[in-house]
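A.B. asks: sequence first, then the predicted structure, then my questions.
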Number of protein chains: 2
Amino acid sequence: MQFADRLQNVETSAIRELFKLLGTPGIVSFAGGFPDSAMFDVDGIREASQRALDEAGALQYGATEGYEPLRSELSAFMKGKGVDVAPQGLIVTTGSQQALDLIGKTLIGPGDKVIVEGPTFLATIQCFRLYGAQLISAPIDGEGVKTDELEKLIEEHRPKFVYLIPTFGNPSGALLNLERRKKVLEMAVKHNTVIVEDDPYGDLYFTETPPPPSLMALTAQVPGSRELLVHCGSMSKVLSPGLRVGWMIAPPALLANAVMCKQFSDAHTSTFAQATAAQYLKSGRMPATLARVRQVYAGRCDAMADALKADLGDAVTFTKPQGGLFFWARLTGANGGPTDASAFAKKAIEQLVAFVPGAPFFAEKPDVATLRLSFATADVARIKDGIARLAKAL
Amino acid sequence: MQFADRLQNVETSAIRELFKLLGTPGIVSFAGGFPDSAMFDVDGIREASQRALDEAGALQYGATEGYEPLRSELSAFMKGKGVDVAPQGLIVTTGSQQALDLIGKTLIGPGDKVIVEGPTFLATIQCFRLYGAQLISAPIDGEGVKTDELEKLIEEHRPKFVYLIPTFGNPSGALLNLERRKKVLEMAVKHNTVIVEDDPYGDLYFTETPPPPSLMALTAQVPGSRELLVHCGSMSKVLSPGLRVGWMIAPPALLANAVMCKQFSDAHTSTFAQATAAQYLKSGRMPATLARVRQVYAGRCDAMADALKADLGDAVTFTKPQGGLFFWARLTGANGGPTDASAFAKKAIEQLVAFVPGAPFFAEKPDVATLRLSFATADVARIKDGIARLAKAL
């Protein structure tokens, strides 16, 4: 059987090999990229799903754009986050992963350049490469993408678009500061460049006050930027990944083409899942759920930061995240310690603790000293235990 | 914003314009391609969804290949239809539409030739064209694709694969006879050509005994054919389209590549929907549901056949379907009657009855005299009423 050439652009083995080892009994895993199942509001989702089944349309085919009651609820949900979008200004996607796929399908042709953060979400890299994208990496620090360097790259490469996870990025955990956010929007307008804002983690902040507004919310302050901004949202990290409900806000022409492509990708997102998500949002339980999730993850984040400092000392550097699911750390090699995260990951597995080496998260110029640790799924005691094991692996 | 070139391969306006008219109050619509919501076993699905929520994994991320309990149930379901497939030999897709998308993504490169039936499923045409396919139409009659002509086309075009809906095709309603089924498998082996069997309607038969076995079931009789056959199944027509649960059986290499592509398309199909479908299959309610659906649709099919004969006489020809959802008819022009289904559709709308003109279902050489009538969603009284209105429109 002869497969399409596009498959040759993708490499998935690096992390897959590691994940095979995760089945080892007794392992403490910081490797996952998922939320803690124990945080799911099962009772609330159960009630919502029952009410959903009382609706006439919940089991039938639905509009490709999305189930109208959900689009209305999402419009209100986004309004609560400072984004003014009509229900018709967003479409529902099968998780925000599908939003990425539709962006690729509608915008990327073979050889087109796309700028992403270095590091960025692994599945974004592969998703865009499947459409033939050539990815350019823009460097980041603890406050997100370095906008001066990003602008140089935009001028040099004239990309089809720039893809950013400005708020608690995966894997970086970084939070793009307000000044840089405005700069991103200004350079979008100045260079007529589309910006894709992927925002699955924005609601998971641990601070008293929310993080800076999303790029989408800030477009109101930068004339012309709304017409160049795409925003991807998700229920996966705060409500349930198993529903597979995400959404995309985009300029009308892009939204129309994405709908056309979605029609032939999966016709529409599960109406049952959409109706359940809509009923959940309507039930008013979301604020309490978010508050609970934030509090628990904040405690785990604190525990991991403390343990990393206490147990690993100057063997690693990191910026403590203010939200999200991830620590992004870098091996320093201090005192003859390790500098290759991939080799260190193997030693860690021997000590029954797992993390993900950072190199595969780079579309180009991988930094092999980096690694990603998720604090989401282990409780505080296991986090302490796991970091102690990491120290042993040093 | 500059979109990808692939979007230029797709044309969706033909039917969309007609569907806008379907909102007209009081219209009897034979235009839809969906099952009747009144046939859904809401109580059974409700119970299944409740049991699904008792499972630990139902709201969490899941394997891209599919939720294991559902893969096991689907393996058993297929065994009941004469197909021997292990749970690992199939993957779950977000409706069978996604199976088509994954087939396109893994196999079709720009300019690749694919043979489809003329007419075939509209969303297949557009889905494959988005990946750059050049589609070749193989002619059909009331017993499905004409295998002699198909073989000539395979020899001439050396297609990447052949796509067929052998059982109660959409839009044709045609049932590929047993002899031709075997011929298709034999020519797959002879010409080393992949065959894609799309089978969403196979369970909806109206005869005492089931239709001939699926191509997948028949591979056991034709050595070497299993390695060249892809089978797409769906819960949409018999249980609920709103769950968006389909599946694909394929040779291991194709299945592995489809999983890789699916990972970046939507990560996985809604776990909640999958767990619900699995619990439904496990509940043992499916046979009774199928029996009920078959009986109701059979009655509507009879009513439509009788009414077409009585009211339209020799103005149309058709083969009465033995299952599925559709009549495929052809305007004869007898007694100065219409021969252009598109013009006739507009006159029909004036009489408050709708159907879909057949031309868009042809990937090439459209037959403008053809039309598709669904008998699935109107009850017997409305079918009689609607066909009487069609007669007036003549």
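C.D. replies: That came through fine.

A.B. asks: now do the strands in chain A.
C.D. replies: A:28-29, A:90-93, A:113-118, A:134-141, A:144-145, A:161-164, A:194-198, A:229-234, A:246-249, A:316-318, A:326-331, A:353-354, A:356-357, A:370-374 (DSSP state E).

A.B. asks: how about TSV for the ones you listed, with mean neighbour count and distance to chain B added?
C.D. replies: C-beta here means a position set from N, CA and C on the backbone, and glycine is covered the same way. Below are the strands of chain A laid out as TSV (neighbours: other Cβ atoms under 10 Å in any protein chain shown; distance: least, Cβ to the nearest Cβ, whole Å):
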stretch	mean neighbour count	distance to chain B
strand A:28-29	22	14
strand A:90-93	28	8
strand A:113-118	24	12
strand A:134-141	18	14
strand A:144-145	26	22
strand A:161-164	26	9
strand A:194-198	25	6
strand A:229-234	25	10
strand A:246-249	27	9
strand A:316-318	20	25
strand A:326-331	23	15
strand A:353-354	26	17
strand A:356-357	26	15
strand A:370-374	26	13
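
A.B. asks: looking at those, which is closest to residue B:241?
C.D. replies: Proximity to residue B:241 (Cβ to Cβ) singles out strand A:90-93 among these, at 15.5 Å.

A.B. asks: who's in contact with the closest one?
C.D. replies: A:64-67, A:70-71, A:74-75, A:78, A:99, A:102, A:232, A:245-249, A:255, A:258-259, A:262, A:268-269, A:274 (Cβ atoms under 8 Å, 6 or more residues apart in numbering or on different chains).

A.B. asks: what about the residues you listed, which are in helices?
C.D. replies: Residues of those located in helices (DSSP state H): A:70, A:71, A:74, A:75, A:78, A:99, A:102, A:255, A:258, A:259, A:262, A:274.

A.B. asks: neighbour-wise, give me the winner out of these.
C.D. replies: Highest neighbour count within the ones in helices among the contacts of strand A:90-93: residue A:274, with 32 neighbours (other Cβ atoms under 10 Å in any protein chain shown).

A.B. asks: tally of neighbours for the residue nearest to that residue when sequence neighbours are not counted?
C.D. replies: Counting by Cβ to Cβ, 6 or more residues apart in numbering or on different chains, residue A:67 is the residue found nearest to residue A:274 once chain neighbours are left out, at 3.9 Å. Neighbour count for residue A:67, taken as other Cβ under 10 Å: 28.

A.B. asks: isn't residue A:67 up against residue A:278?
C.D. replies: Yes - using Cβ atoms under 8 Å, residue A:67 is in contact with residue A:278, at 6.4 Å.

A.B. asks: where do the domain boundaries of chain A fall?
C.D. replies: A:5-40+A:288-393, A:51-283 (automatic domain parsing).

A.B. asks: compare the ones you listed and say which comes out lowest on pLDDT.
C.D. replies: Among these, domain A:5-40+A:288-393 has the lowest mean pLDDT, at a mean of 93.

A.B. asks: how far does it sit from the chain's center?
C.D. replies: Averaging C-alpha positions (Cα atoms, centre = their mean, to the nearest Å) puts domain A:5-40+A:288-393 16 Å from its chain's average.

A.B. asks: can you check stretch A:98-116 too?
C.D. replies: 16 Å.

A.B. asks: endpoints of it, how far apart?
C.D. replies: Using Cα to Cα, to the nearest Å, the end-to-end distance of stretch A:98-116 comes out at 18 Å.

A.B. asks: near chain B, which residues of the stretch 201-350 of chain A?
C.D. replies: Counting by Cβ under 8 Å from any Cβ of the partner chain, the stretch 201-350 of chain A comes close to chain B at A:236, A:240-244, A:251, A:253-254, A:257, A:260-261, A:263-273, A:275-276.

A.B. asks: quick one on the thing from earlier: among the strands of chain A, which is nearest residue A:386?
C.D. replies: strand A:28-29 (3.5 Å).

A.B. asks: now tell me what touches the closest one from outside.
C.D. replies: Identification of contacts with strand A:28-29 by Cβ under 8 Å, 6+ apart yields A:22, A:352, A:353, A:354, A:377, A:378, A:382, A:385, A:386, A:389.

A.B. asks: contacting residues for the last one?
C.D. replies: When contacts are counted by Cβ under 8 Å, 6+ apart, residue A:389 touches A:28, A:348, A:351, A:352, A:353.

A.B. asks: same check, this time on the second one
C.D. replies: With contact taken as Cβ under 8 Å, 6+ apart, residue A:352 is in contact with A:24, A:26, A:27, A:28, A:389.

A.B. asks: show me what from the stretch 51-200 of chain A comes close to chain B.
C.D. replies: Residues of the stretch 51-200 of chain A found near chain B (Cβ under 8 Å from any Cβ) are A:53, A:56-62, A:94-95, A:97-98, A:100-101, A:105-109, A:112, A:123, A:126-127, A:130-131, A:160, A:194.

A.B. asks: narrow those residues to those that are buried.
C.D. replies: Buried subset of those (neighbour count, 16 or more other Cβ atoms under 10 Å in any protein chain shown): A:53, A:57-62, A:94-95, A:97-98, A:100-101, A:105-108, A:112, A:123, A:126-127, A:130-131, A:160, A:194.
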